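Q: could you look at this predicted model? Sequence included:
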Amino acid sequence: MNFFKKLFGSQNTSEEVKEEKNFDVLKYDGVRALRMQQFDYAAKCFVLALELNADDLECRDYLSQAYISLGDMQNAYTQLMAISAAQPNNVAVLLRMADVLYMTEDYAAMAEVCEKALQLDSENIMTYYIYAKAYKGLNDLDAAVAMLSKAIDRREDFDAARLLRGNVLLENNQTAEAALDADNLYQRIEENEDVLLLKARVEKALGNLKEAEKVYTKAIDFNPFLIEAYKERSEVRSALGDTAGTKEDQTRVDEMEQDIPQPTEGIEENIKKKMQQMDPYKVFYNEY
């Protein structure tokens with residue numbers, strides 16, 4: 001009797017070891033594929049791995065990242081909800097959920113998730129930043145500004161929050177306040193098209209048309225394909241009575257609108273940067 005127990009016990013152990021090895025192979029093949037931006041293959045690896053071990057939250061998180069990169073937000077959110085159910089105090093997962101909701105434009109649900117994250121950690125500056133994006137999506141600009149101000153109060157050099165606050169203030173017709181953020185950024189980070197656009201738009205709103213034209217030109221010099229800068233500079237030049245300059249900008253806009261280049265480079269890198277901001281398991285910082 002003991003012989004059979006040992007025999008069958010050995011078989012079971014052998015099967016378990018085999019499953020563990022298969023799981024590890026699938027999981028780390030998926031991680032390598034994820035890092036190589038082979039997102040479809042990565043997702044297939046993680047799905048198969050989870051069939052062998054559904055309790056591995058790290059693998060489930062990797063799968064959510066693969067789905068996000070594939071644009072499959074519904075399945076990504078399903079994976080993140082499963083992780084959050086197992087780790088209800090994991091703020092990083094909640095912020096990833098909020099980010100997915102932002103990409104699906106479900107701003108009300110996004111705000112609810114941000115509120116939950118805020119209750120867990122009131123000092124996390126990313127929570128305030130993402131919460132502000134939810135409020136902006138809901139067109140509650142005052143609340144968005146309040147959240148961004150709280151983020152900046154906690155970290156003075158949180159430039160992404162300051163840039164967003166400047167744009168929200170400008171959209172909310174608080175031009176003088178927007179100018180403070182625009183000037184702060186412009187003095188320190190002049191070679192950035194988003195900063196240059198904010199600065200130019202503030203100067204335009206203040207009626208400083210010569211200065212606005214100058215900054216729009218800097219933005220165009222920095223990025224010759226920045227169509228918004230051409231459009232808005234043409235308006236400034238028209239107001240300044242520069243007929244030739246206005247026509248030149250409008251012609252450039254027409255040319256770009258007829259043949260807008262489809263961005264193929266940098267998309268994956270932008271996704272990777274987004275993942276790095278909200279990556280509880282640090283997949284993009286580890287080597288395998």
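A: Looks like it came in fine. Residues are numbered from 1 along each chain as shown.
Q: any weak-confidence spans in the stretch 1-150 of the chain?
A: Applying pLDDT under 70 to the stretch 1-150 of the chain flags residues 1-13.
Q: please repeat the previous calculation with a cut-off of 80.
A: Within the stretch 1-150 of the chain, the ranges that satisfy pLDDT under 80 run 1-16.
Q: and for Thr104, the neighbour number?
A: Thr104 has 13 neighbours, counted by other CB atoms under 10 Å. In short, each C-beta sits where N, CA and C put it, glycine included.
Q: is it in contact with Met73, as I believe?
A: Yes: with contacts counted by CB atoms under 8 Å, Thr104 reaches Met73, the gap being 5.0 Å.
Q: just the buried residues of stretch 77-94, please?
A: By 16 or more other CB atoms under 10 Å, the buried positions in stretch 77-94 come out as 77, 79-80, 82-84, 90-94.
Q: and the contacts of that stretch?
A: Stretch 77-94 is contacted by residues 57, 60-61, 63-64, 67, 96-97, 100-101, 104, 113-114, 116-117, 120-121, 124, 127, 278-280 when judged by CB atoms under 8 Å, 6 or more residues apart in numbering.
Q: got the CA coordinates for it in PDB?
A: What follows is stretch 77-94, C-alpha atoms only, in PDB (Å, rounded to 0.1, in the frame of the first residue of the first chain):
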ATOM      1  CA  TYR A  77      -9.000  46.100 -17.400                       C
ATOM      2  CA  THR A  78     -10.300  42.700 -16.600                       C
ATOM      3  CA  GLN A  79      -6.800  41.500 -15.600                       C
ATOM      4  CA  LEU A  80      -6.200  44.600 -13.500                       C
ATOM      5  CA  MET A  81      -9.500  44.100 -11.700                       C
ATOM      6  CA  ALA A  82      -8.400  40.600 -10.800                       C
ATOM      7  CA  ILE A  83      -5.100  41.900  -9.400                       C
ATOM      8  CA  SER A  84      -6.900  44.700  -7.500                       C
ATOM      9  CA  ALA A  85      -9.300  42.200  -6.000                       C
ATOM     10  CA  ALA A  86      -6.300  40.200  -4.700                       C
ATOM     11  CA  GLN A  87      -4.400  43.300  -3.600                       C
ATOM     12  CA  PRO A  88      -7.000  45.900  -2.700                       C
ATOM     13  CA  ASN A  89      -4.300  48.200  -1.200                       C
ATOM     14  CA  ASN A  90      -2.100  48.300  -4.300                       C
ATOM     15  CA  VAL A  91      -2.200  51.900  -5.500                       C
ATOM     16  CA  ALA A  92       0.000  51.300  -8.500                       C
ATOM     17  CA  VAL A  93      -2.600  48.800  -9.900                       C
ATOM     18  CA  LEU A  94      -5.400  51.300  -9.200                       C
END
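Q: in helices, which of the buried residues of stretch 77-94 fall?
A: In this view, the buried residues of stretch 77-94 that belong to helices under DSSP state H are 77, 79-80, 82-84, 91-94.
Q: adding distance to Leu48, write these out as TSV.
A: TSV is the format used below for those (distance: CB to CB, whole Å):
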residue	distance to Leu48
Tyr77	21
Gln79	14
Leu80	20
Ala82	17
Ile83	18
Ser84	23
Val91	30
Ala92	25
Val93	23
Leu94	27
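Q: could I get the phi/psi values of Glu191?
A: phi -90, psi 70 (degrees, to the nearest 10).
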